[in-house]
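Visitor: From the sequence below, what's the structure:
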Amino acid sequence: MKIVYDTNALLKSSHTLSDENENIIPEIVIDELDHIKSQYKGELSVRARRAVRKIRSLTNKFIDKEFGRNHPLLDSSRYGKNDDLIVECARVHNALLITGDYLAELKAESQGVNSQESDIDNQDEVYCGFKEIILNESELARFYENGSENTYELLVNQYLIIRNKEGKEVDCVKWNGKHHTECVERNLSTVALGKFKPKDVYQVAAIDSLLTNPVTLLKGKAGSGKSLIALTYALNLLEKGRINKVICVVNPVPVRGAQEIGFYKGDKNEKLLQSGIGNILISKLGDRSKVEAMLTAGELVLIPMVDLRGYDTGDKSLIWITEAQNTSSDLMKLSLQRVAEGSQIIIDGDDKTQVDDDMFAGTGNGIKSLSRVFKGESVYGEVEFNTIYRSKIAQIAYRM
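Guide: Got it, this is the predicted structure:
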């Protein structure tokens, strides 16, 4: 069967491409994928890269270079948009058009082209807490007119990031189960850390989730801001008197491949301050004495997961499970079961590149299990970060 794919279809369901069909891809689609891959951030960029890899792997494919940016029909009054050119490509080849765009379906129908909606139910796709879409002005107007319709099949508390054809962010909304709610940019201010202003729409969504959900998972690359946002939010609540203490739950696993230097001296807190959580707290607060003062005052509690069984967080607490990529499903379950009514939970980690022990790899990883079980629940929000802000060096090092 001859099939022509539009860009939206490939972004949504490139996994459906198969050598069983004669895959025809207009050059304009390749150009659009390349633009999204290089100019966008987050989920759309990931989807574009995935589509390009899938296209490269096909043997039964034809990239139609005639239907590119130099096609004369793009200059005519009738064919002024890329979608029109893609529909025309399907008409010329007498092919089925696979599209993820309802307007493209209507255009195909008017030109006598058979079309089919792309299969967006990819069960292998990892949940990241948001979807990203590209809408033109008419599609955006229609979206706002039907704000109570879950057009993009969002789960409860899942975010929708809307961009225009140029990749510029237009809006960010959240589905609450009944209608879309606006996601407003908010800053976090603390005496200890100063004011935190979100650097991108993903951080905006993360702060919104912290302010509205009892449980929030922040996941992403090293240097993307997940720990800073979690700690800033926790201190914001502590300074305002909305919580009594921050309970930091950790599983101090040695960094993969690093040589251990033996047992640390001191009590539980002294040992933990010499591990990863100590590095996080001291580097963020700027002084070890500040961390020790919080511990002495009972404002900060450090709990290794080995001591969790039987522990009760009490109410008016914020539980921060950090470096959660180094947990199993059982450890994550144990941690969450310690949380009393009236407390809030923040989980952060990077289950893609910072898992330090093979026992935490795979579907049994604590972060993966948490996301799989909690997504769509009214108490839960999740946001994945994809941009490294720590430094240029950190950005380059990520590619190693």
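Visitor: which residues of the chain fall in helices?
Guide: Applying DSSP state H to the chain gives helices spanning 7-13, 27-39, 43-57, 82-93, 102-110, 137-145, 201-212, 226-239, 268-273, 276-285, 288-297, 329-337, 366-374, 392-397.
Visitor: Strands of the stretch 101-250 of the chain, start to end?
Guide: Assigned by DSSP state E, counting those that start in this stretch, the stretch 101-250 of the chain shows strands spanning 115-117, 130-134, 158-163, 169-175, 180-182, 188-190, 194-196, 215-220, 245-250.
Visitor: Now the second one: average pLDDT?
Guide: What that stands for is strand 130-134. For strand 130-134, mean pLDDT rounds to 92.
Visitor: Restricting to C-alpha, output that strand in CSV.
Guide: Backbone C-alpha positions of strand 130-134 (Å, rounded to 0.1, in the frame of the first residue of the first chain) are rendered in CSV as follows:
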residue,chain,number,x,y,z
PHE,A,130,2.9,17.0,29.3
LYS,A,131,2.2,16.9,25.6
GLU,A,132,3.4,19.4,23.1
ILE,A,133,1.4,20.3,20.0
ILE,A,134,1.6,22.7,17.0
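Visitor: Contacts for that strand, please.
Guide: 8, 40, 42-44, 47, 152, 154, 158-165, 202, 205, 383-384 (C-beta atoms under 8 Å, 6 or more residues apart in numbering). All C-beta atoms are positioned from the backbone trio N, CA, C, and that covers glycine.
Visitor: follow-up on the earlier one: could I get the strands of the stretch 101-250 of the chain as JSON lines with mean neighbour count?
Guide: Output for the strands of the stretch 101-250 of the chain, formatted as JSON lines (neighbours: other C-beta atoms under 10 Å):
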{"stretch": "strand 115-117", "mean neighbour count": "17"}
{"stretch": "strand 130-134", "mean neighbour count": "22"}
{"stretch": "strand 158-163", "mean neighbour count": "22"}
{"stretch": "strand 169-175", "mean neighbour count": "19"}
{"stretch": "strand 180-182", "mean neighbour count": "15"}
{"stretch": "strand 188-190", "mean neighbour count": "18"}
{"stretch": "strand 194-196", "mean neighbour count": "13"}
{"stretch": "strand 215-220", "mean neighbour count": "26"}
{"stretch": "strand 245-250", "mean neighbour count": "24"}
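Visitor: Residue 255 and residue 356 touch, don't they?
Guide: Yes - using C-beta atoms under 8 Å, residue 255 makes contact with residue 356 at a distance of 5.6 Å.
Visitor: So for these two, which sits in the more crowded spot?
Guide: Shown here are residue 255 and residue 356; by other C-beta atoms under 10 Å, residue 356 has more neighbours (18 against 12).
Visitor: That one and residue 60: what is the separation?
Guide: Distance of residue 356 to residue 60, computed by C-beta to C-beta, to the nearest Å: 42 Å.
Visitor: that older thread, which of the contacts of strand 130-134 are buried, as a PyMOL select command?
Guide: Selection of the buried residues among these in PyMOL, burial being defined by 16 or more other C-beta atoms under 10 Å:
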select buried, resi 8+40+42+43+44+47+154+158+159+160+161+162+163+202+205+383+384
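Visitor: Can I get stretch 58-78 in PDB? Just the C-alpha atoms.
Guide: C-alpha atoms of stretch 58-78 as PDB (Å, rounded to 0.1, in the frame of the first residue of the first chain):
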ATOM      1  CA  LEU A  58      13.200   1.900   6.600                       C
ATOM      2  CA  THR A  59      14.300   0.200   3.400                       C
ATOM      3  CA  ASN A  60      10.900   0.600   1.600                       C
ATOM      4  CA  LYS A  61      10.700   4.400   1.500                       C
ATOM      5  CA  PHE A  62      10.700   7.200  -1.100                       C
ATOM      6  CA  ILE A  63      11.500  10.800  -0.200                       C
ATOM      7  CA  ASP A  64       9.700  12.800  -2.800                       C
ATOM      8  CA  LYS A  65      12.000  15.800  -3.400                       C
ATOM      9  CA  GLU A  66       9.500  17.300  -5.800                       C
ATOM     10  CA  PHE A  67       7.200  18.300  -3.000                       C
ATOM     11  CA  GLY A  68       9.700  20.500  -1.200                       C
ATOM     12  CA  ARG A  69       9.900  24.200  -0.400                       C
ATOM     13  CA  ASN A  70      10.600  25.100  -4.100                       C
ATOM     14  CA  HIS A  71       7.400  23.500  -5.300                       C
ATOM     15  CA  PRO A  72       5.500  26.000  -7.500                       C
ATOM     16  CA  LEU A  73       2.200  25.200  -5.900                       C
ATOM     17  CA  LEU A  74       3.400  26.800  -2.700                       C
ATOM     18  CA  ASP A  75       3.400  30.200  -4.500                       C
ATOM     19  CA  SER A  76      -0.200  29.900  -5.800                       C
ATOM     20  CA  SER A  77      -3.200  31.200  -4.000                       C
ATOM     21  CA  ARG A  78      -4.700  27.700  -3.700                       C
END
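Visitor: and that stretch, how far out from the chain's middle?
Guide: Distance of stretch 58-78 from the chain centroid (C-alpha atoms, centre = their mean, to the nearest Å) equals 33 Å.
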